[in-house]
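Trainee: let me see the structure of the following:
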Amino acid sequence: MSYLNPFRSGKEKPSPTSPAEWERGEIWWEDGNIILHCGRKAFKVYAGILLSRAPGFKALVNSSKEKNAASEDPPPYGSPGLEEGIPNVNLDLNYNCPPEDMEHFLLTVFDASHLSDDLPIAKVVAIARLGHRYEAKAVKKACLLYLDNLLPITLFQAELHYAKAPRVVRGTEHPTVILLAEELGWKWLIPFSSYLASIESMHCRLGSWDGNRDVFERTMVGGRTQAAQFHMVLYAAYSTLGEKQCPSKQTCDAARLASIKKLNDDCLNFEGDTQQQKLLKMVRLFDPLRFVTRRFWGEAAIEWLDDGLCGACKGGIQTTLEEKKRQIWDGLPQTFQVGENWAELAKLREKTMKDLS
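Mentor: Numbers count the residues shown, from 1 in each chain. Purely as a prediction, here's the structure:
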């Protein structure tokens, strides 16, 4: 039988003849003129619109038309995914893609507003990959803008975003973003995402990295080094006292020690715990690097300052924190080996956006 079987992938499988064996996708326009098959899902769409927005489908569509025209046997009509006179395209033969990912991709092709805050980051990444494969520039750009908004390239934007944004990239979402950025050349997304992934140490296991051990190790080693620097900066800053302007060095020194104690208590509150309980807290809840560095952005880094500090000493600590924070931020691209500086990555971002226009 020469008909293009939607379930044929390596080994010969029986053609579906029962409607129960098919599932209509969310996109199923009754007046559509082509049916796309991915796994057990079928999507009936408009070929003209599809090919204009995703030219990468063209070869598949033409090949399917030729094969169906040359077939001596009719396809097994009667199931909801197959109709007489409508070309059927088997996407599984071209790209091994989960049906749900293809559904999200097609929904975005026909309606860009499908990319919303409710959509998991993993699905946005899958849509971006399919957009790249099928040459859907508008879809790729929409995905890029979505991720770009979540992973800013300036310190000001990063602090503002993480202070107010309702949606942030978290935990095991970072590996999918980093691997996509490596694959598509969206390198400016990597430094901040890598840093955040590195402090999510209990969540970012190797399995989340799709077997890419090199990127995993680079991220974890580089990021944890930066996180440790943040940790040391906090303690160093809290040791900064404006001695020349300080009206009461003794009072401020006591307040400084109280600030450090508060920082320690918030990070590692182990009072009354057994050694085993302490270890469990370290592993599960109170990883100090993660706890401190996540709260280093924005104004969170000064929340531990004791009210007893005078204005001069408090101002000196805040100034030190801001200076060190800027230095560490500026070093993120080199830390994760994706460029000399943020300016270089900003130029790459500008060029990529222009190419997708």
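
Trainee: surely residue 170 is in a strand?
Mentor: No. Residue 170 sits outside any strand when classified using DSSP: H, G, I helix; E, B strand; the rest coil, being coil.

Trainee: now do the same for it: its pLDDT.
Mentor: pLDDT, residue 170: 71.

Trainee: against residue 197, how distant is it?
Mentor: For residue 170, the distance to residue 197 (Cβ to Cβ, to the nearest Å) stands at 10 Å. For glycine as for every other residue, the C-beta is placed from the backbone atoms N, C-alpha and C.

Trainee: which of these two has more residues huddled nearby?
Mentor: Taking other Cβ atoms under 10 Å, residue 170 and residue 197 do not tie; residue 197 has more neighbours (29 against 12).

Trainee: check which helix or strand covers that one.
Mentor: Using DSSP states H and E, residue 197 falls within helix 190-199.

Trainee: which other helices and strands contact that helix?
Mentor: Applying 3 or more Cβ pairs under 8 Å, 6 or more residues apart in numbering; DSSP states H and E, we find helix 190-199 packed against helix 173-184, helix 213-238, helix 288-294, helix 332-335.

Trainee: quick one: average confidence on the last one?
Mentor: Mean per-residue pLDDT for helix 332-335: 90.

Trainee: could you count how many residues lie near residue 26?
Mentor: By the criterion of other Cβ under 10 Å, residue 26 has 11 neighbours.

Trainee: quick one: contacts for it?
Mentor: The contact partners of residue 26, taken as Cβ atoms under 8 Å, 6 or more residues apart in numbering, are 103, 107.

Trainee: at 10 Å what do you get?
Mentor: Residues counted as contacts of residue 26 (Cβ atoms under 10 Å, 6 or more residues apart in numbering) are 41, 43, 103, 104, 106, 107, 114.

Trainee: quick check: the gap between the nearest residue to residue 174 once chain neighbours are set aside and residue 226.
Mentor: Spatial nearest neighbour of residue 174, chain neighbours left out: residue 197 (3.5 Å); criterion: Cβ to Cβ, 6 or more residues apart in numbering. Separation of residue 197 from residue 226 (Cβ to Cβ) stands at 12 Å.

Trainee: and for residue 86?
Mentor: The value you get for residue 86 to residue 226, if Cβ to Cβ is used, is 55 Å.

Trainee: between the two, which one's more packed in?
Mentor: Between residue 86 and residue 226, counted using other Cβ under 10 Å, the more crowded position is residue 226 (22 against 16).

Trainee: so that one sits against residue 194, correct?
Mentor: Yes. The pair residue 226 and residue 194 passes the contact test of Cβ atoms under 10 Å, sitting 9.2 Å apart.

Trainee: and for these two, which residues touch both?
Mentor: Shared contacts of residue 226 and residue 194, counting by Cβ under 10 Å, 6+ apart, come down to 332, 335, 336.

Trainee: for burial, what's the neighbour tally of the first one?
Mentor: What that stands for is residue 332. 24.

Trainee: likewise for the last one?
Mentor: The local packing count at residue 336 equals 25, with neighbours defined by other Cβ under 10 Å.
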